[in-house]
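Enquirer: Here is the input, now give the coordinates:
(chains A, B and C)
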Amino acid sequence: MLESIVSYGLAVGAVYALIGITYNVMFSASRAFSFTAGMLGMLGGVLGALFIDRLELPVILGLLLVLASGAVLGIVTEFVAVRPVLKSIEQHLYVLSTLAFSLLFAQFTAIEWGTDAAPFPRLIPIGEGIFDQKFWLPMLACAVTVIGLELLYRRTLIGRAFLAIAEDSYAARALGLPEQRLRIASFAIAGMIGALAGFSGGEMLLAYFGNQAILNFYGFVPVALGGMGNNRGALVGGLLLGLFQQAANFLVGGIFASVAVFTVFIIVLLLRPEGFAGASGARRV
Amino acid sequence: MSIKRRSVLKGSAAGAVALAGGGLAAPAIAANEPLRIGFLPALTGPSSSTGIGINRGTELAVKEINDAGGISGRKIEMVVRDTQSDATKAVNAIAELTNRQKVAMIWGPLNSGETLAATPLCARANIPMIHPCWVDTLIDVKKYPMSFRSAPTNEQIGEAANHYVMDVLKAKKVAVIGDNAGYATATVAAYVPLLKKKGANVVYEGNVDAANPDLKPELLRMRDGGAEAIMPWSVNAGFLARILNTRAAMGWDVPVVGQTTLGSGQTKALLDKPENWAKVYSNNFKNCCYGSDGKLPAIDAEFRGRIAKANIDMGDTLLWWIACGYDAPRLIAETVKAAGDSPKDIVAYLNKLANWKGVNATLSFTPQQHNGVPDAEVVMCQANSLKDGAFNIAPGYGA
Amino acid sequence: MEAAAPSITAKPARSGLMKHLEGRITFLLLAIAGICLPLFDDSYAGVIATRACIYWILIAGLNLVVGYAGQIAIGWVSLLTLGAYTTAVLTAGTVVPAWSPYIALAISGLVGAVFGVIIGLPALRLRTFYFAMTTLGFATIVTQIALAWRTVTGGGIGIAGPVFDWPFDPGWGFYYFCFILAALCTWMTANIAASRFGRALVAIRDAEVAAEASGVAKPRLLMTIFVFSGAVAGVSGGLFASLQSYITPDAFTFDLSVLFFIAILIGGRGSILGPLLGTIILTVLPEIAAPLVAWSTFLYAALLLLIVLLIPGGIADLLDYRNRRPLEQHREIATRPDLLPRLLERAKTADILALKGIELSFGGVRAIAGLDLEIRPGEVHGLIGPNGSGKTTTLNVISGYYAPQAGTVQLGSAQLPPSVPHARAAHRIARTFQTPRLIGGASVIENVMIGGTIDGACTFGESLITLPRHRRDEKHLREAALLALQTVGLETLAAVRADRLQHSELRFVEIARALMLRPACLLLDEPAAGLSAEEIRRLGALIKAISRAGTAVLLVEHHADLIFDICDRVTVLNLGKVLAAGTPEEIRSHREVVSAYLGA
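Expert: Predicted structure coming up:
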């Protein structure tokens, strides 16, 4: 029982954490949250199943294609749904444009791919029981992503440019940083992270269009808990959420588990709107 | 925020006309007009796999009848409205079919949730309806005297499965599990008391989120409780497959007896290994199963030949769905041929129907009983014997 | 010179909504079409029309939340679910003895009101996106509970909906019932839209800081709206259950939430007619285009995306011909300081505004390091200094946006509490902002009327059904706003959308709005920025006249000429401290001021 909760909880928690990081990367680049994080996760699973199962491509090629698709989707998102509404950011139109954009893909997938959850191929035939690769693949993907982002932000020049844009985009532009190109690059990276989340979690979540709504919500909880733009917070928040959710599933059963998760989410948010590790809102006058 | 007067006048007038457009005086149905039957399948949306299968049977039946000259020279016209597995669309469609399209009878909807909403509206429109949904409360001869059911009731399905588990497999400790969709929650709640009445010891009863990827805790609880059979009630292939996969991963050899979808191609596609389909038994109909001699009953063997001739794809659907879809138009056609197309006559004829030989089931109705399928025809079949859309009848049935 | 009747705005009834003659025509036509529908004897059209009415009842309420208040409440289907189940359970007789469906409907309205508040509460604390997420979460939770609570709701099997008896029995009777309720909701929401509550909602949406400065208390107003919206959504749910005859949890899909939301956005925010047309279109469209049915949500999403990107104003914007008429090119701002005594007639005398020992730091940055300031009625007090010296920060402390770590702000003998900016208006402290904060989508006069929000005496309920006190309020408010506009010389632009005005005109509109408070103390934040020389001259004359009428004026400015022209006293700030204070002549020649700021 306990091993099930831990292995399952950490694995699905890693997927949630990755989606949370996807939200964060998009937020850092544009100060806007995007509903497309869940969409990227969903498509990571669906496209993975499409490439590897239906088209019978080798796993590595399938992974690369999925990552590439994620990057492309991220760039298209930035171009279509984020950039046009950035100038009127106080109107919060980005909520609507990214919602609409993500709904387009969800519906299209539902109609073309089908509304039932299709199986996701077994990626690496190793591991038994709780050490099955379907559990540690998401955790591996999460670790790689977090470490990769840390190295990028702290050690490379372009990473520091990303941080500068996130901190203060006006100042960064004044310093000559190409804000637009950096933002596009950020969204591409976010797209890859989201697609990776869905791909690595595919064996657990299956290739299912309904994952979009699930990941949108459960992937946002780590962001709410950890603070906007805070990737370490998202990581911790995601893993905790995964464990909590599995424990609740086991103790009280499916329906009440989601009620429990949501109640905790609301209470935490109302008590600390900026999350446990987040900073308070900025000057608005 | 203001509107220019002229454009408003034009726009509103156009709108009013469009809305009312088709409703002006409907012509009387002449003798050689096609017989219009409304059909409400769910061809898209979450609960659509049944609908797609049934639709194929219905289309085949209509084609055959029309090719043979129709009903006394009148062709059948199936007016199809995809309900998208959505009750609101079902209600809209019933209103359209009964009022605008002036259908003589309604076949469907095919999902219980939609039929629950559609039945009162159809009754108010005074149009007879026949549907293959299982929820017990759908049929009420007093409230809805024009509504008939060409499928078993939930209770019949449950009793058939319970009978198999307790009387054939001789299992006393049973685990009952469903997902949390409408059908499953109601079904689990209804069947557990039936089991207990037969003297079973229900060691596990639960509804789990269909999207929950890990069912191991649930199955562990079942095993710890000493379950000798698992009875899953859900139409979600992913959920059912996960139960079977988890059972195999645990190395547990318990029989799984439950919902028809256990034997569907979709469930099969989601299994980790084909061996996971062993010792799985699902609901089916006697006519649609291979007997102990490995052959279908004559009526369905012949039907299967016709399906093959019509090039209907059986790979991703079940024989009994196609059969169910095939029977309804045929029954409607015969009824109208014998009794005419007025609602009163149709209902009177159906109320006297005795042992009508359908390919899916033998149907009988009386004024007090509008559930048409006899208990004996609801049987369990062996899921992993799926061959061309039909199964072997489960081992252990006496006759 | 007596005020001549202004040209474009001869009709006082220019509000863009119910009162406007042109908008009224459409409502009238829809009403007639609705009443005459049964004559066509097409029950199919009847079902569709009933459905449109039921959806509109919910959407009309949601429109105030989303379209007017700008709160992105996506998961509103949760209230439909609650209303539907409440009515169904109460009339079913399984849990409690069967109630009359009308009473059950009323109770689901109450339940909706309560849950409207619960669902809306996070909007006060959370950022936009977070709030949107919580509403989605609520929608899921409500459906899950409906599924799980089998003993009451029937669980997955569902429960029968209520059946209303004659004269509202199923069929045309019920259609009329829904139609009457829909018409009632249209009327009520239009009334609110054309009241100070509606204007305040839009102000919260588009210019929240300015709304607070005008005295709009966001929490209370939002909660009121959530109560109303929740109540009508609950009623709509009960009617929905009746139309469906039978409800199961699967009927309340996310697609419905999206539909409600999109109807409002397609129709256009800040409009009643737009979302009404949007609702009708979205209900009727899938019926007309049968092959599109499977793609309907996809098309709705595409439509939403297009609207957001291309025509954020929606249908309402497309049909807004009036605001496409070209404006006069070379407009002059002909201020009328002589109208001030009439505009500013005030009951009590103004007090001295005094700041003592204010200290304010942001993290490690000391913005204000010990500030004493006194602004006397009848005087114009200038506040100058280099950028970053703390001028705007001082204004914000007075306005209550920032709480100082030390020091007090007093008006007369009353101490002004920090961090309660919307209470300043009651003390008759008005201000303008460094960048004009106006509602672009509203007309100039509506923007100015927001300044008089706290003078309204009628309650929300009275506005809802336009009782006499509401009408009186509106009349007085409009007259006062027109007078204020005449004073600043912009009455010819009263009906024009604010975002069509030039920058300098916007500054004067802000002043007109501030004057609506008949301020005891007026804070002006760089009002001359971007004005031409002639405009600055008129501005100066206006400000001087305002102070002579008894107001204490604090003027933050960079235009040294304006300062020295009209100020009676000047304070110079540098690095958050007072560098010098005195008369303009003293300051002009003060050595340190010259070197730090003025130059030779």
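
Enquirer: burial measure for C:Phe460, as a count.
Expert: Taking other C-beta atoms under 10 Å in any protein chain shown as the neighbour definition, C:Phe460 ends up with a count of 17. For every residue, glycine as well, the C-beta is placed using N, CA and C.

Enquirer: got any ranges where the stretch 151-300 of chain B has weak pLDDT?
Expert: Per-residue confidence for the stretch 151-300 of chain B (pLDDT under 70) gives these ranges: B:182, B:211, B:213.

Enquirer: which parts of it sit against chain C?
Expert: Residues of the stretch 151-300 of chain B found near chain C (C-beta under 8 Å from any C-beta of the partner chain) are B:180-187, B:189, B:207.

Enquirer: Tell me which two of these sit farthest apart.
Expert: Checking these against each other with C-beta to C-beta, the farthest-apart pair comes out as B:Ala181 and B:Ala189, at 13.0 Å.

Enquirer: So for these two, which sits in the more crowded spot?
Expert: Neighbour comparison, B:Ala181 and B:Ala189: the larger count goes to B:Ala181, with 24 against 19 (by other C-beta under 10 Å).

Enquirer: Enumerate every residue touching the more buried one.
Expert: If you count contacts by C-beta atoms under 8 Å, 6 or more residues apart in numbering or on different chains, B:Ala181 has them with B:210, B:234-236, C:156, C:250.

Enquirer: Could you confirm B:Ile230 falls within a strand?
Expert: Yes - for B:Ile230, which was evaluated using DSSP: H, G, I helix; E, B strand; the rest coil, the result is membership in a strand.

Enquirer: Look up the residues forming beta bridges with it.
Expert: Judged by DSSP bridges, the bridge partners of B:Ile230 are B:Ala175, B:Val256.

Enquirer: okay, now it: neighbour count?
Expert: 26.

Enquirer: Isn't it up against B:Lys173?
Expert: No - counting by C-beta atoms under 8 Å, no contact exists between B:Ile230 and B:Lys173, whose distance comes to 10.6 Å.

Enquirer: In space, what's closest to C:Gly67 - neighbours in sequence excluded?
Expert: Computed as C-beta to C-beta, 6 or more residues apart in numbering or on different chains, the closest residue to C:Gly67 that is not its neighbour in sequence is C:Arg269, at 4.2 Å.

Enquirer: In three-state terms, how would the one you found be classified?
Expert: What three-state DSSP gives for C:Arg269 is coil.

Enquirer: correct me, but it touches C:Gly441?
Expert: Yes - with contact taken as C-beta under 8 Å, C:Arg269 and C:Gly441 are classed as touching, separated by 7.5 Å.

Enquirer: Find the residues that touch each one of those two.
Expert: Common contacts of C:Arg269 and C:Gly441, defined by C-beta under 8 Å, 6+ apart, comprise C:Gly313.

Enquirer: Could you pull up the mean pLDDT of stretch C:270-277?
Expert: Confidence over stretch C:270-277 (mean pLDDT, whole number) is 92.

Enquirer: for it, the distance to its chain's centre please.
Expert: In terms of C-alpha atoms, centre = their mean, to the nearest Å, the gap separating the centre of stretch C:270-277 from the centre of its chain is 16 Å.

Enquirer: wait, does it contact chain B?
Expert: Yes - for a cut-off given as C-beta under 8 Å from any C-beta, stretch C:270-277 has contacts with chain B, namely C:270-271, C:273-274.

Enquirer: can you list the residues you listed in CSV and add neighbour count and distance to C:Ser43?
Expert: As requested, these are arranged in CSV below (neighbours: other C-beta atoms under 10 Å in any protein chain shown; distance: C-beta to C-beta, whole Å):
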residue, neighbour count, distance to C:Ser43
C:Gly270, 29, 36
C:Ser271, 30, 32
C:Leu273, 27, 28
C:Gly274, 28, 29
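
Enquirer: what's the closest of the residues you listed to chain A?
Expert: Nearest to chain A among those, counting by C-beta to the nearest C-beta, is C:Gly270 at 11.9 Å.

Enquirer: what residues are up against the closest one?
Expert: Shown here is C:Gly270, whose contacts under the criterion C-beta under 8 Å, 6+ apart are B:1, C:67-68, C:193, C:202, C:316, C:441-442.

Enquirer: CA atoms only: put stretch C:358-374 into CSV for me.
Expert: Written as CSV, here are the backbone C-alpha positions of stretch C:358-374 (Å, rounded to 0.1, in the frame of the first residue of the first chain):
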residue,chain,number,x,y,z
ILE,C,358,5.9,60.5,7.4
GLU,C,359,8.4,57.8,6.9
LEU,C,360,8.0,55.2,4.2
SER,C,361,10.4,52.5,2.9
PHE,C,362,9.9,49.9,0.2
GLY,C,363,12.1,47.1,1.3
GLY,C,364,15.6,48.6,1.6
VAL,C,365,14.7,51.8,-0.3
ARG,C,366,13.7,54.8,1.8
ALA,C,367,11.1,56.6,-0.3
ILE,C,368,10.1,59.2,2.2
ALA,C,369,12.4,60.0,5.2
GLY,C,370,10.5,62.3,7.6
LEU,C,371,8.0,64.5,5.8
ASP,C,372,5.9,67.4,7.3
LEU,C,373,3.5,69.1,5.0
GLU,C,374,0.5,71.3,5.5
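
Enquirer: and the contacts of B:Ala181, which two are the farthest apart?
Expert: The most widely separated members of the contacts of B:Ala181, counting by C-beta to C-beta, are B:Ser234 and C:Asp250 (14.0 Å).

Enquirer: So which of these two has more stuff around it?
Expert: Set side by side, B:Ser234 and C:Asp250 show unequal neighbour counts under other C-beta under 10 Å, the larger going to B:Ser234 at 26 against 23.

Enquirer: Can you report phi and psi for the more buried one?
Expert: The phi and psi values for B:Ser234, taken as degrees, to the nearest 10, are phi -160, psi 150.

Enquirer: A:Ala117 now?
Expert: When read as degrees, to the nearest 10, the backbone of A:Ala117 gives phi -80, psi 120.

Enquirer: residues contacting it?
Expert: For A:Ala117, the residues meeting the contact criterion (C-beta under 8 Å, 6+ apart) are A:206-208, A:210, B:211, B:237-238, B:270.

Enquirer: Going by neighbour count, which of these comes out on top?
Expert: Per-residue neighbour counts (other C-beta under 10 Å) across the contacts of A:Ala117 peak at A:Ala207, which has 28 neighbours.

Enquirer: re the thing from before, can you sort out which of the contacts of B:Ala181 also neighbour chain A?
Expert: B:Asn236.

Enquirer: about what we covered before: check the contacts of C:Gly270 against chain A and report the nearest one.
Expert: Of all those, chain A sits closest to C:Gly441, with 10.2 Å by C-beta to the nearest C-beta.

Enquirer: coming back round to it: quick one: buried ones out of the contacts of C:Gly270?
Expert: Under a neighbour-count criterion of 16 or more other C-beta atoms under 10 Å in any protein chain shown, the subset of the contacts of C:Gly270 counted as buried comprises B:1, C:67-68, C:193, C:202, C:316, C:441-442.

Enquirer: Now C:Ala73: closest residue in space that isn't a chain neighbour?
Expert: C:Thr135 is the one closest to C:Ala73 (C-beta to C-beta, 6+ apart), at 4.8 Å.

Enquirer: Please pick the buried ones from the residues of the stretch 151-300 of chain B next to chain C.
Expert: By 16+ other C-beta under 10 Å, these give B:180-187, B:189, B:207 as buried.

Enquirer: Looking at these, which is nearest C:Gly161?
Expert: Looking at these and their distance to C:Gly161, the nearest is B:Gly182, at 15.5 Å (C-beta to C-beta).

Enquirer: who in the stretch 101-250 of chain A is up against chain B?
Expert: By the rule C-beta under 8 Å from any C-beta, the part of the stretch 101-250 of chain A lying against chain B is A:111, A:115-119, A:122, A:129, A:204-206, A:208, A:210, A:214, A:246, A:249-250.
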